[in-house]
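K.L.:
just need the structure, nothing else, for what follows:
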Amino acid sequence: MKFDCLDVSEISQFDWDDGNILKNEQKHNLQWQRIEEIFFNEPLLIVEDFKHSQEECRCFALGKTDENEKLFVVFTARKNRIRIISARVMNQKERAVYENFKNNSEI
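P.N.:
Residues are numbered from 1 along each chain as shown. Model (predicted):
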């Protein structure tokens with residue numbers, strides 16, 4: 001996937017801020033390893049977040065972990081790295097969007 005500010009095929013690693021790792025674990029009970037899994041599982045829906053991306057490329061992703069847990073992840077791309085800003089379990093509306101995307105991408 002290629003966006004105005006991000007070419008996903010060029011991403012080679014993750015860049016974690018210690019505070020974000022702790023925040024995601026404490027607030028949403030999500031360990032960083034589980035969050036990273038969504039970027040390796042299909043389907044993965046990535047959308048640029050123009051509302052919050054004046055300074056840098058910012059996106060959100062809807063995807064699933066290896067255990068099929070569906071997550072909403074906000075991230076930015078810096079050089080060839082994904083930097084996670086926040087992550088949580090998808091809400092009902094996001095889950096519906098993801099399921100619709102999944103069903104239509106399999107056609």
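K.L.:
contacts and neighbour counts: CA atoms only from here.
P.N.:
Noted.
K.L.:
in this protein, spot the helix with the most residues.
P.N.:
When the chain is parsed with DSSP state H, its longest helix is helix 92-105.
K.L.:
can you give me the buried ones in that one?
P.N.:
95, 98, 102 (16 or more other Cα atoms under 10 Å).
K.L.:
how about stretch 20-32?
P.N.:
Applying 16+ other Cα under 10 Å to stretch 20-32 flags 20-21, 23-24, 30, 32 as buried.
K.L.:
what about that stretch, average pLDDT?
P.N.:
Averaged across stretch 20-32, pLDDT comes to 89.
K.L.:
gap between that stretch and the chain center?
P.N.:
Stretch 20-32 sits 14 Å away from the centroid of its parent chain (Cα atoms, centre = their mean, to the nearest Å).
K.L.:
what sits up against it?
P.N.:
84-89 (Cα atoms under 8 Å, 6 or more residues apart in numbering).
K.L.:
what do you get if the cut-off is 10 Å, keeping everything else the same?
P.N.:
For stretch 20-32, contacts defined as Cα atoms under 10 Å, 6 or more residues apart in numbering pick out 14, 16-17, 19, 33, 35, 71, 83-89.
K.L.:
where's the dip in pLDDT among the buried residues of helix 92-105?
P.N.:
Minimum pLDDT across those falls on Lys102, with 90.
K.L.:
just give the closest residue to that one, not the sequence neighbours.
P.N.:
Excluding the flanking residues, the one nearest Lys102 by Cα to Cα, 6 or more residues apart in numbering is Pro43, at 6.1 Å.
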